[in-house]
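**Q** Got a predicted model here, sequence first, then my questions.
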Amino acid sequence: MPGKSPPARDRARDLLRSLARTLTGAELAEIAVYIVLSLAAALMGSLAALLLVPLVQPGAPLTIAGGMFEVHGSVEKQAAYFAAATVSVAVLRWLAARLAARLTSRYSMTRRQLVHARLIDAPLTSLADRTSAEIANVLTYNVEIITQAYSALLQLLVAGVTTVVSLVFALWLSPPLVLAVPLIAGFALVASRAFGREQSQVSRQYIADLTRLFWLSEDFPRRLRHVRSFEREDAEKHSFGTISARLGQGYRRQLELIASGKLMLELMAAVGIAVVLVLAYRWHSVDQSSLIAVCLLLGRLLPYLVSTRQNFQQLRSAAPASELWRKYMHLESARSFDASPRATVSRHALRIDRMRVRPPEAGLDLGDLALTPGELTLISGDSGIGKSSLVDVLAGMMRPEWFAARVGDQPVDFDEYRELVRHGAYVSQSVRPWQHSVRECLLWAAPDATDDMLWSALADVGLDKRLAKSADGLETALHSSSSRLSGGELQRLLLAQVILRQPFLALLDEATSALDAAAEMAVLAAIKSRLRQTILIVVSHRSGVAAMADQCVVIGNDLVTTVHGKSDVPPREASFGASNRSTS
């Protein structure tokens, strides 16, 4: 039925396939080593259980396949054999645990790197309907859940190997006990399937609630000002409390399901042991020493019962998280060009003869637009009319419906255009620096820049004096309460990145909105002066920018786009921003 989620069994199978597909050859080889270590530990553990029999029942030999298994010597010698075997088990388990820790750590790191790389390379259009909260969840807690499932799978391998070895030894000691195998297998099947459907439903809701919690936690300091100004503190507390309560209930229910599974396993274990003992006593060919050995071997499996149940629960819990991770891993890549750095960048003028952009839904047409290095092009229009979509296309980050352009007399398609403008810089209104310090922020844009170059760029954007007064200078922390930069200063810092980048195409989408009109004009003039080989495109509503622009692209309310040169900008369009201060 459409929209119906697949059964829990299918989701678990898909999860296992997903885990297997993401493993490299080296990881599979290390998992094989892990299985060998686990097998060796299981064999030594079974041997230790057999060596314990003479200590529990002195002088009682074990009959195995018609032969005799008996350790001769004093009690001290027998105890030494038993201790040596037990120590070997401990060392082998320690080695296996260290290897599992390395495998799990690498798996977690790789899953994060893979999904982050996919997001970095994804087309902007494929992320249009994704919330930042969901993306944050995918990159953080969601990977933790998948990693826990991977760790659970490794532990299940140990439990499986130990169970097989212990049962083989038990059946070798007492072949009649093979009659108990179907009973044990049936118990294991029932225990693994119990509460599976509800566990899957609880886990799916837990992932959805956690994503909602990320949404409520986003950009908290700035959101708090908004909440307080509207006096909606109680409403926010109630909303957060509701989602927190659902998460708490989900977590509680998961633990309750684990406890119920544990109870079921323990009850089944009690019944199973009783059945084995009855079979042993009713079947006269089973001697006392063999019965003791079998009980010791099967007793080794009891600690694995609860952990195995919990591991199955973790696998089921990870199914929704794995589905979300795979959804982002299936994003196509927008990087169709060679990402290696180029020694030189072409600085020729571009002319866009014809271009059609969506969104907006009705489409936005643009034509006869000359993009000349050293000149400033202003894009203006009402909010939500398509300015940001147009800038995304000009930046080469979103593919238009139609595109025809030239470099001189040479026609270029969009892929060729995107390659030409690849050495670019794009700063939007809402982005904030995420680096730790001013130096780190600037070197992110220009890794080879010297301190003199950094200070020069800061001077161009009017931020040098502010930082010179700080005791930390270039090491000033961006998010410290004692040295926090204002919104306008952070925008200046991002514009200093543009100067250091020396791009062929620079796009400033409301990137000076936090500055006053005079400061905006001064900073843009400095950028234009410093970047004489750069095509500069600015989105702004202020009339002063129109006055200094070499050409203006005006998007009307009817989505008709007109391009005006510096000498023929109508006064109405030049003063567009005077009556419209909203941002795109």
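**A** Structure received.
**Q** any idea which element residue 48 lies in?
**A** helix 25-56 (DSSP states H and E).
**Q** on contacts alone, who are the packing partners of that helix?
**A** In terms of contacts (3 or more Cβ pairs under 8 Å, 6 or more residues apart in numbering; DSSP states H and E), helix 25-56 is packed against helix 75-121, helix 141-173, helix 288-299. No exception for glycine: its C-beta is placed from N, CA and C like everyone else's.
**Q** where along the stretch 351-500 of the chain do the helices fall?
**A** Applying DSSP state H, counting those that start in this stretch to the stretch 351-500 of the chain gives helices spanning 387-394, 414-420, 438-445, 451-460, 464-468, 487-501.
**Q** which stretch among those helices comes nearest residue 363?
**A** helix 387-394 (10.1 Å; Cβ to Cβ).
**Q** ok, residues contacting that closest one?
**A** With Cβ atoms under 8 Å, 6 or more residues apart in numbering as the test, helix 387-394 has contacts from 124, 355, 357-360, 364, 366, 371, 379-381, 398-400, 421, 426, 428, 505, 507, 509, 537, 539, 553, 555, 584.
**Q** Can you dump the C-alpha atoms of it in PDB for me?
**A** What follows is the C-alpha trace of helix 387-394 in PDB, where atoms were taken according to Å, rounded to 0.1, in the frame of the first residue of the first chain:
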ATOM      1  CA  LYS A 387      17.000  37.700  -6.600                       C
ATOM      2  CA  SER A 388      18.700  35.000  -4.600                       C
ATOM      3  CA  SER A 389      17.800  32.400  -7.300                       C
ATOM      4  CA  LEU A 390      19.300  34.600  -9.900                       C
ATOM      5  CA  VAL A 391      22.500  35.100  -7.900                       C
ATOM      6  CA  ASP A 392      22.700  31.300  -7.300                       C
ATOM      7  CA  VAL A 393      22.700  30.800 -11.100                       C
ATOM      8  CA  LEU A 394      25.200  33.600 -11.700                       C
END
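**Q** what's the offset of that helix from the middle of its chain?
**A** When C-alpha coordinates are averaged (Cα atoms, centre = their mean, to the nearest Å), helix 387-394 and its chain have centres 28 Å apart.
**Q** I'd like the average pLDDT over it.
**A** Model confidence over helix 387-394 averages 89 on the pLDDT scale.
**Q** Distance to residue 331 for the helices of the stretch 351-500 of the chain - can I get that in a markdown table?
**A** Below are those laid out as a markdown table (distance: least, Cβ to Cβ, whole Å):
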| stretch | distance to residue 331 |
| --- | --- |
| helix 387-394 | 17 |
| helix 414-420 | 18 |
| helix 438-445 | 24 |
| helix 451-460 | 34 |
| helix 464-468 | 39 |
| helix 487-501 | 26 |
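**Q** Reformat those as JSON lines; add mean neighbour count and distance to residue 244.
**A** Formatted as JSON lines, the entries for the helices of the stretch 351-500 of the chain read as follows, by neighbours: other Cβ atoms under 10 Å; distance: least, Cβ to Cβ, whole Å:
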{"stretch": "helix 387-394", "mean neighbour count": "24", "distance to residue 244": "35"}
{"stretch": "helix 414-420", "mean neighbour count": "18", "distance to residue 244": "45"}
{"stretch": "helix 438-445", "mean neighbour count": "19", "distance to residue 244": "35"}
{"stretch": "helix 451-460", "mean neighbour count": "18", "distance to residue 244": "43"}
{"stretch": "helix 464-468", "mean neighbour count": "14", "distance to residue 244": "41"}
{"stretch": "helix 487-501", "mean neighbour count": "22", "distance to residue 244": "31"}
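**Q** Of those, which is nearest residue 35?
**A** Distance to residue 35, taken as Cβ to Cβ, is lowest for helix 438-445 among the helices of the stretch 351-500 of the chain, at 43.6 Å.
**Q** Could I get the CA-only coordinates of that closest one as CSV?
**A** What follows is helix 438-445, C-alpha atoms only, in CSV (Å, rounded to 0.1, in the frame of the first residue of the first chain):
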residue,chain,number,x,y,z
VAL,A,438,39.7,36.3,13.2
ARG,A,439,43.0,34.8,11.9
GLU,A,440,41.4,31.3,11.4
CYS,A,441,38.5,33.0,9.5
LEU,A,442,40.7,34.9,7.2
LEU,A,443,43.2,32.1,6.5
TRP,A,444,40.2,29.9,5.7
ALA,A,445,39.8,32.1,2.6
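**Q** what's the average pLDDT for it?
**A** Mean pLDDT, helix 438-445: 92.
**Q** gap between the spatially closest residue to residue 442 that is not a sequence neighbour and residue 489?
**A** The spatial neighbour of residue 442 that comes closest, neighbours along the chain excluded (Cβ to Cβ, 6 or more residues apart in numbering), is residue 454 at 5.0 Å. Taking Cβ to Cβ, to the nearest Å as the measure, residue 454 and residue 489 are separated by 15 Å.
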